[in-house]
Each structure stands twice: as C-alpha cells, then as structure tokens.
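Novice: task: produce atomic coordinates for the following.
(one chain, ligands or ions: 1)
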Amino acid sequence: MSVLQRTRGLGWGQRYVAVEPTHFRVDYVINPFMDPAVQPDPVLAMSQWQTMVRTLEGLGASVDVLAQRPDAPDMVYAMNLGLGLVRADGTRQAVMSHMRYAERRMETVSAGPFFAGLGHAPSYVGSDGVGAHLEAGDAFAFGDALVVGYGPRTEELALKHLAADLGVRVRGLRITHPGMYHLDLAFCPLDERRALVCPSALDAPSAAALLELVPEPLVLTEEEALTTFAANSVVVGSTVVMPACPPRVRAKLEEWGFDVVIVDVSEFHKGGGSIRCLTNPIDITVGRDLPAVPGGEVLLPPEA
Ligand code: ARG
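Specialist: Predicted structure coming up:
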C-alpha cells in the first residue's frame with residue numbers, strides 16, 4: 001500500500017527576473033519552433049506576459065523586470081540570461097550565460113549589470129564565442145546536485161566551470177532531441193522528490209540517469225512535452241503555473257497536493273519557449289536547495 005506524501009512544495013522559485021516583451025519577434029531560426037513567417041502578435045504577447053507576471057505576483061513571488069533590448073528579439077526568454085543564486089556563504093552570484101548562437105549574445109551585455117544591480121555579482125564562463133557555452137535554461141537544482149543538460153546549447157565544459165565556481169555537485173544529462181534543446185523543456189522540479197520529466201529529450205543512459213535521480217517522476221510523453229510545453233512550467237510553493245496541463249498530469253499533481261494554474265502564453269511558443277523560459281528564478285540557495293561540495297564535482301552519464 002502506498003502512503004500518500006502530500007507536497008510541501010519547492011523551497012526556491014519565489015524571486016524571478018523577467019524581460020518585458022517590447023521587441024519580441026521571430027527574426028531568425030535557432031530552434032525547430034521558430035519560423036520568421038509566423039510572427040507573434042505584439043499586443044497579445046504583452047497581455048499574456050502581463051497576466052503571467054501578475055499570476056506569479058499573486059502567488060507571493062516577486063518579479064524584477066529588465067527592459068528588452070531592441071536588437072535582441074529572443075531576450076524575452078529571460079531564463080537563458082544567467083544562473084542567479086545564493087552561495088553557501090550567503091553572497092549572491094549570477095553565472096552569466098554565454099549563448100551558443102551569436103544572435104543572442106548581446107543579451108548578456110544588458111543582463112550582467114542588471115543582475116549586479118540585484119546584488120548578484122556576475123561571473124562568466126566565456127564570451128563572444130570564446131570559451132564554454134552555457135545557457136541557464138539547462139541548469140536546475142534538484143536532489144543532491146545542480147542538474148545540467150548539455151548538447152544542443154550548453155557545452156560539457158561549462159559543467160566543470162559551474163561545479164568549480166559554485167562549489168556544488170553537477171549532474172550532467174545529455175540532450176539529443178532537437179526540439180527539447182534546453183533542459184527546461186523536459187524537466188521541471190516540483191519538490192524534493194518529484195519532477196515533471198520527459199526522458200525522450202535525452203539519450204538512453206541520460207534518460208535512465210534522470211529517472212534514477214527523481215524518486216517520483218511524472219513522466220511526460222514526447223508529444224506532450226513538444227505540443228503543450230507542460231514541462232516548461234514554474235512552481236511557486238505548491239502551485240504549478242503551467243501553459244497547459246494534460247488531464248492525466250493534472251490528476252497526478254492534484255493527488256500529490258499541488259494546485260495547477262494555467263496561463264496561456266501561446267504567442268511565446270512561436271519562439272520556442274513557454275512560462276519557464278520567460279522567467280528566471282534567482283533564489284536557488286546552495287546549502288538549502290542543493291548541497292555545498294567544496295571544490296565542486298561533475299558526474300556525467302555513461303556514454304550512449
Ligand atoms: N528562441 C529562443 C532560443 O532558441 C527560445 C528560448 C527558450 N528558452 C528556454 N529556456 N528553453 O534560444
């Protein structure tokens with residue numbers, strides 16, 4: 001007989017950075033969702049974004065808003081700006097992204113000073129195409145580690161930088177699915193034991209590693225992940241803010257004690273991102289949400 005353990009929710013996810021979509025467009029193609037012939041409606045996009053921000057604030061979260069650069073149409077996907085967190089000694093840091101594609105690299109120029117203004121000292125793993133690529137949508141605290149997807153965007157070398165720089169254990173997962181090019185399209189931590197997971201994003205050894213890492217996984221099919229963006233959700237306490245939720249997934253979440261809130265951000269799906277991509281949690285705390293590991297440690301899955 002299974003003993004139902006009701007969720008206490010997630011410790012982090014109360015403080016976010018977001019970018020107001022004043023210049024959101026699909027100007028180029030760097031993922032399979034993007035088609036410059038299918039442009040977002042700027043008025044609808046703005047109202048969807050405002051509803052999302054108000055929803056998060058209504059749940060008690062804070063959202064610091066950075067202005068969008070006119071030359072950076074993808075900057076609305078704030079999750080990718082950098083990995084803001086609180087170090088074991090209480091100081092705040094932001095490991096800035098070094099984007100894979102040159103089309104997004106100017107975003108860091110604005111994001112670095114913005115994070116600094118919030119008290120998060122920026123650090124860099126590379127810049128202008130030189131050094132390791134890191135996109136923060138690939139990195140989430142879960143269990144005993146920072147879980148980092150690598151392949152399409154983040155490079156394996158970045159995992160070493162993160163581990164050493166932050167003094168944490170990094171568990172790498174190899175992403176192979178072209179449509180789930182960031183880990184946040186396939187993995188959403190829910191609480192200490194649970195997460196939404198889509199193993200089809202990963203090669204076989206990494207899919208097995210992910211399922212081993214999460215004691216109670218809520219598995220999404222490839223189709224669910226790609227068509228609903230359900231894994232690209234945000235958790236505030238015990239509320240899951242989702243772009244859509246298949247009935248089976250909702251039933252499981254509610255059984256566990258989560259509330260589900262749906263916010264339509266369909267205009268942003270045209271650029272290949274949803275609610276998680278539009279928000280960037282900066283309150284992951286080393287020593288609380290993942291253990292401090294002095295010197296750092298990288299654990300990679302076996303080769304496929
Ligand atoms: N067009 C953006 C890109 O390809 C979408 C980013 C989605 N963000 C995310 N965290 N998955 O970079």
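
Novice: name the residues of stretch 5-14 that are buried.
Specialist: Judged by neighbour count using 16 or more other CB atoms under 10 Å, the buried positions of stretch 5-14 are Thr7, Gly9, Leu10, Gly11, Trp12, Gly13, Gln14. For the C-beta atoms, the positions are set from N, CA and C on the backbone; glycine is no exception.

Novice: ah, wrong one, I meant stretch 152-165
Specialist: Using 16+ other CB under 10 Å as the test for burial, stretch 152-165 gives Pro152, Arg153, Thr154, Glu155, Ala158, Leu159, Lys160, His161, Leu162, Ala163, Asp165.

Novice: let me know whether that stretch sits next to the ligand.
Specialist: No - judged by CB under 6 Å from any ligand atom, stretch 152-165 makes no contact with the ligand; its nearest approach is 7.3 Å.

Novice: just the C-alpha atoms of that stretch, please, in PDB.
Specialist: The C-alpha trace of stretch 152-165 is given here as PDB (Å, rounded to 0.1, in the frame of the first residue of the first chain):
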ATOM      1  CA  PRO A 152      22.400  21.500 -28.200                       C
ATOM      2  CA  ARG A 153      23.200  24.700 -26.200                       C
ATOM      3  CA  THR A 154      25.300  24.200 -23.100                       C
ATOM      4  CA  GLU A 155      28.600  22.500 -23.600                       C
ATOM      5  CA  GLU A 156      30.100  19.800 -21.400                       C
ATOM      6  CA  LEU A 157      33.000  22.100 -20.500                       C
ATOM      7  CA  ALA A 158      30.600  24.500 -18.800                       C
ATOM      8  CA  LEU A 159      29.600  21.900 -16.300                       C
ATOM      9  CA  LYS A 160      33.200  22.000 -14.900                       C
ATOM     10  CA  HIS A 161      33.100  25.700 -14.600                       C
ATOM     11  CA  LEU A 162      29.700  25.600 -12.800                       C
ATOM     12  CA  ALA A 163      30.900  22.900 -10.300                       C
ATOM     13  CA  ALA A 164      34.200  24.600  -9.500                       C
ATOM     14  CA  ASP A 165      32.900  28.200  -9.500                       C
END
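
Novice: show me the contacts for the closest residue to the ligand within the stretch 51-200 of the chain.
Specialist: Closest residue of the stretch 51-200 of the chain to the ligand, CB to the nearest ligand atom: Gly137 (2.8 Å). By CB atoms under 8 Å, 6 or more residues apart in numbering, the contact set of Gly137 is Tyr77, Met79, Asn80, Arg153, His182, Leu183, Asp184, Leu185, Arg276, Cys277.

Novice: mind listing the strands for the stretch 101-250 of the chain?
Specialist: In the stretch 101-250 of the chain, the segments counted as strands under DSSP state E, counting those that start in this stretch are 121-124, 126-127, 130-131, 139-142, 145-150, 169-174, 187-189, 194-197, 216-219, 234-236, 239-242.

Novice: without its sequence neighbours, what residue ends up closest to the residue of the stretch 51-200 of the chain closest to the ligand?
Specialist: Excluding the flanking residues, the one nearest Gly137 by CB to CB, 6 or more residues apart in numbering is His182, at 3.8 Å.

Novice: number of nearby residues for the one you found?
Specialist: 27 (other CB atoms under 10 Å).

Novice: reformat the strands of the stretch 101-250 of the chain as CSV; add distance to Leu290.
Specialist: Output for those, formatted as CSV (distance: least, CB to CB, whole Å):
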stretch, distance to Leu290
strand 121-124, 18
strand 126-127, 23
strand 130-131, 24
strand 139-142, 4
strand 145-150, 6
strand 169-174, 7
strand 187-189, 10
strand 194-197, 14
strand 216-219, 18
strand 234-236, 16
strand 239-242, 20
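
Novice: which residues sit in contact with the residue nearest to Gly137?
Specialist: Neighbour list for His182: Met79, Asn80, Glu135, Gly137, Asp138, Gly149, Pro152, Arg153, Ile175, Cys277 [criterion: CB under 8 Å, 6+ apart].
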